[in-house]
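**Student:** I would like the atomic coordinates for the input below:
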Amino acid sequence: MKKQILIISLLSIAGCKGKSNAPEHKAEASQPAPPPAKAEAAATTTTDGSIAITVDGEGYHPSTINAPAGKKATLVFTRTADKSCGTEVVFPSLNIKKDLPLNEPITIEIDVPASGQIAFACGMDMMKGSIVAQ
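**Tutor:** All right, here's what the predicted structure looks like:
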């Protein structure tokens with residue numbers, strides 16, 4: 001009985017030090033608005049008709065490329081970041097795997113399907129993109 005009284009007394013004293021079991025309601029300070037999301041860049045088609053894709057530490061830019069259905073597409077990948085898992089690009093469904101040396105354009109030609117899309121990714125499958133038949 002003395003232990004129970006002692007425990008209750010200690011808990012009461014602890015509660016008197018400003019700690020309460022009731023939830024605190026503080027006026028929230030105004031928080032700055034989060035930065036706007038990056039808009040996806042449109043694919044850049046070069047004068048020879050190829051599609052330029054930049055690979056950096058954040059991924060592929062653009063990551064989604066619309067290409068004419070049933071036609072050949074020439075993709076030019078350029079890796080611009082040294083510390084990135086984008087050192088290679090893989091098209092699993094086409095059995096294509098190409099190294100992407102830093103700041104060196106690498107050209108890959110693919111046949112765009114009549115419909116659907118073709119996925120591509122880095123060698124670690126962390127950065128992803130796709131070619132969409134239009």
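
**Student:** toward the C-terminus, what is the element adjacent to the lengthiest strand in the chain?
**Tutor:** With secondary structure taken from DSSP state E, the chain has its longest strand at strand 72-79. For strand 72-79, the following helix or strand on the C-terminal side (DSSP states H and E) is strand 88-91.

**Student:** what's the next secondary structure element after that next one?
**Tutor:** strand 96-99.

**Student:** wait, residue 83 sits on residue 57?
**Tutor:** Yes: between residue 83 and residue 57 there is a contact under CB atoms under 8 Å: 6.3 Å. (Each C-beta comes from the backbone N, C-alpha and C, glycine too.)

**Student:** ok, the two, which is more surrounded?
**Tutor:** residue 57 (13 against 7; other CB atoms under 10 Å).

**Student:** how near is the more buried one to residue 126?
**Tutor:** Separation of residue 57 from residue 126 (CB to CB, to the nearest Å) stands at 11 Å.

**Student:** how about residue 63?
**Tutor:** Relative to residue 126, residue 63 is positioned 12 Å away (CB to CB).

**Student:** the residue nearest to residue 127 when sequence neighbours are not counted pairs with what?
**Tutor:** Of all residues not flanking residue 127 in the chain, residue 59 sits nearest, at 4.3 Å (CB to CB, 6 or more residues apart in numbering). Counting by DSSP bridges, residue 59 forms beta bridges with residue 56.

**Student:** how many neighbours does the closest residue in space to residue 90 that isn't next to it in sequence have?
**Tutor:** Using CB to CB, 6+ apart and skipping residues adjacent in sequence, the residue nearest residue 90 is residue 97, 4.8 Å away. By other CB under 10 Å, 11 other residues sit near residue 97.
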